[in-house]
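Enquirer: Sequence first, predicted coordinates after that:
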Amino acid sequence: MADLFDMTPEPAEGGKEAPRPLADRLRPRALSEVIGQDQVLGPEAPLGVMLASGSLSSLVFWGPPGVGKTTIARLLADETDLHFVQISAIFTGVPELRKVFEAAKLRRANGKGTLLFVDEIHRFNKAQQDGFLPYMEDGTILLVGATTENPSFELNAALLSRAQVLVLERLSLADLERLAQRAEGELGRGLPLDGPAREALLEMADSDGRALLNLIEQVMAWKVTGKLDTDALSTRLMRRAAKYDKSGDEHYNLISALHKSVRGSDPDAALYWFARMLEGGEDPRFLARRLTRMAVEDIALADPQAQSICLGAWEAYERLGSPEGELALAQAVIYLALAPKTNAGYAAYKAARALAKKTGSEMPPKHILNAPTSLMSEQGYGAGYQYDHDAKDGFSGQNYFPEGVKRPVLYSPVERGFERELKRRLDYFTKLRLQRDV
């Protein structure tokens, strides 16, 4: 009886094997053949150390598609003499999981361990993830999960505490070139591309090794004489869409890059990340909202006009739509990047919230409370209040904090942009307050 969830392909009828895709034919047969990922596979890297010591723990591979997560898992099973079982969280429910665990138990009773590779493990819900724990703890399975999403956000703390997270990185152009050369060796001929076209092909793969091999397979199938240039390649082959998940890691990575480029006063980098998000299909309304947040959080009173610029660009987009309205947002990006920056107001707000939480329900000082009734007047409400318009310089210098609360310094403006003027005013009132206290 065939083993449950055995991933070994059945031979075709007549004993002939169907043609295999290039990506499958070039799948490494040993960990030493894996291209890239030296940071996890090297002799002093986590997997290298585990294998050398003969002690492999459960793992979670976190990385983009096409960098070798499945291949490394399969080779780890070979290296440790474990039976390899592969499932996908997309297609596997609780009944199928039970069958996997039961088969692993039988296998273990017969002296054979199981390496269970779970692709897209983050798609399992909390209860399903919890279901792995007892089988990991008693050694029924050695779990290797693969995810393109941040495990810290997507996986249970209990599961993460029993597995080591290893980050697999995007393949570099040098890695992709090595892969292309390996493909040419397998096919017995070179790519019919000139130098720039070859580089363009590598860039089209967008750091995805599997995608590159699929592209190479397409190019090798063409009947051409001589070498194609970049224009000819682009005509025959559509550029692969950049990886972008509007609800996943790439979404947060790119908006972080945009925000920090604006904060770092780099309009070119800010425009680049803004364009990357639009090209990935991001909702311009989300970008309009985030730009307005940047104006409030990072520019604030250093340039009070920045907020109005963003709100105006947002309104222009709502009226014009795409693509014309996106230009208004792009101009807001440039304005924000070049505006003076301050987080003094933001810091003051957080400090004020912390102080409010600490002081609880402290009453305002009585002299700034209104006294609409005689009883309140008798209690001293409003007594001693000084009307600032009648005071010298229009400033009384009275205390407005609760009695017993030491006057704090919450707002400390910087010497940039319009906030320089606000600092001058604040220093002026601080000086007057000190004179009134003398």
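Expert: Looks like it came in fine. Numbering: from 1, shown residues only.

Enquirer: List the buried residues in stretch 219-233.
Expert: Buried positions in stretch 219-233, judged by neighbour count with 16 or more other Cβ atoms under 10 Å: 219, 228, 230, 232-233. (Each C-beta comes from the backbone N, C-alpha and C, glycine too.)

Enquirer: Just the C-alphas of it, formatted as PDB.
Expert: C-alpha atoms of stretch 219-233 as PDB (Å, rounded to 0.1, in the frame of the first residue of the first chain):
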ATOM      1  CA  VAL A 219      13.300  31.600 -24.400                       C
ATOM      2  CA  MET A 220      15.000  28.300 -25.200                       C
ATOM      3  CA  ALA A 221      11.900  27.100 -27.000                       C
ATOM      4  CA  TRP A 222      12.000  30.000 -29.500                       C
ATOM      5  CA  LYS A 223      13.300  29.300 -33.000                       C
ATOM      6  CA  VAL A 224      15.700  32.200 -33.500                       C
ATOM      7  CA  THR A 225      19.000  32.800 -35.300                       C
ATOM      8  CA  GLY A 226      21.700  34.900 -33.700                       C
ATOM      9  CA  LYS A 227      21.200  36.700 -30.400                       C
ATOM     10  CA  LEU A 228      18.200  38.800 -29.400                       C
ATOM     11  CA  ASP A 229      18.700  42.300 -28.000                       C
ATOM     12  CA  THR A 230      16.700  43.800 -25.100                       C
ATOM     13  CA  ASP A 231      14.000  45.200 -27.400                       C
ATOM     14  CA  ALA A 232      13.400  41.900 -29.100                       C
ATOM     15  CA  LEU A 233      13.300  40.100 -25.800                       C
END
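
Enquirer: can you list contacts of it?
Expert: The contact list for stretch 219-233, computed with Cβ atoms under 8 Å, 6 or more residues apart in numbering, reads 187, 189, 191-194, 196-197, 200-201, 236-237.

Enquirer: mean confidence for that stretch?
Expert: Stretch 219-233 carries an average pLDDT of 90.

Enquirer: Would you point out the helix or strand in the chain whose mean pLDDT is lowest?
Expert: Every helix and strand of the chain was ranked by mean pLDDT, DSSP states H and E. The lowest is helix 374-378, at a mean of 83.

Enquirer: next SSE after it?
Expert: Next in sequence after helix 374-378, counting helices and strands by DSSP states H and E, comes helix 419-437.

Enquirer: now the least confident helix or strand of the chain, how far from the chain's geometric center?
Expert: 60 Å (Cα atoms, centre = their mean, to the nearest Å).

Enquirer: who's in contact with that helix?
Expert: Against helix 374-378 from outside (Cβ under 8 Å, 6+ apart): 369-371, 382-383.

Enquirer: one step back: so which of the buried residues of stretch 219-233 are in helices?
Expert: Among the buried residues of stretch 219-233, DSSP state H puts 219, 230, 232-233 in helices.

Enquirer: Tell me which two of those sit farthest apart.
Expert: Val219 and Thr230 (12.8 Å; Cβ to Cβ).

Enquirer: the domain parsing of this structure - what is it?
Expert: 13-167, 173-236, 251-338, 363-437 (automatic domain parsing).

Enquirer: low pLDDT regions in the stretch 251-400 of the chain?
Expert: Counting by pLDDT under 70, the stretch 251-400 of the chain shows no low-confidence range.

Enquirer: go again using 90 as the cut-off
Expert: Applying pLDDT under 90 to the stretch 251-400 of the chain flags residues 251-255, 279-283, 321-324, 357-388, 390-393, 396-400.

Enquirer: low pLDDT regions in the stretch 101-250 of the chain?
Expert: Those would be 123, 125-128, 148-154, 170, 200, 203-208, 211, 223-226, 230-250, if you go by pLDDT under 90 across the stretch 101-250 of the chain.

Enquirer: In it, what residue spans correspond to strands?
Expert: All strands of the stretch 101-250 of the chain, identified by DSSP state E, counting those that start in this stretch, fall at 114-119, 142-147, 164-167.

Enquirer: Leu22 is nearest to which of the ones you listed?
Expert: strand 114-119 (20.7 Å).

Enquirer: returning to that earlier point: export the ones in helices among the buried residues of stretch 219-233 as TSV, with columns for distance to Asp298.
Expert: Formatted as TSV, these follow (distance: Cβ to Cβ, whole Å):
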residue	distance to Asp298
Val219	46
Thr230	40
Ala232	46
Leu233	42
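
Enquirer: that older thread, possible to save the strands of the stretch 101-250 of the chain as JSON lines with distance to Val405 and mean neighbour count?
Expert: Listed next are the strands of the stretch 101-250 of the chain as JSON lines, based on distance: least, Cβ to Cβ, whole Å; neighbours: other Cβ atoms under 10 Å:
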{"stretch": "strand 114-119", "distance to Val405": "56", "mean neighbour count": "25"}
{"stretch": "strand 142-147", "distance to Val405": "49", "mean neighbour count": "25"}
{"stretch": "strand 164-167", "distance to Val405": "46", "mean neighbour count": "16"}
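
Enquirer: In a markdown table: these, plus distance to Leu106.
Expert: Below are these laid out as a markdown table (distance: least, Cβ to Cβ, whole Å):
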| stretch | distance to Leu106 |
| --- | --- |
| strand 114-119 | 10 |
| strand 142-147 | 16 |
| strand 164-167 | 27 |
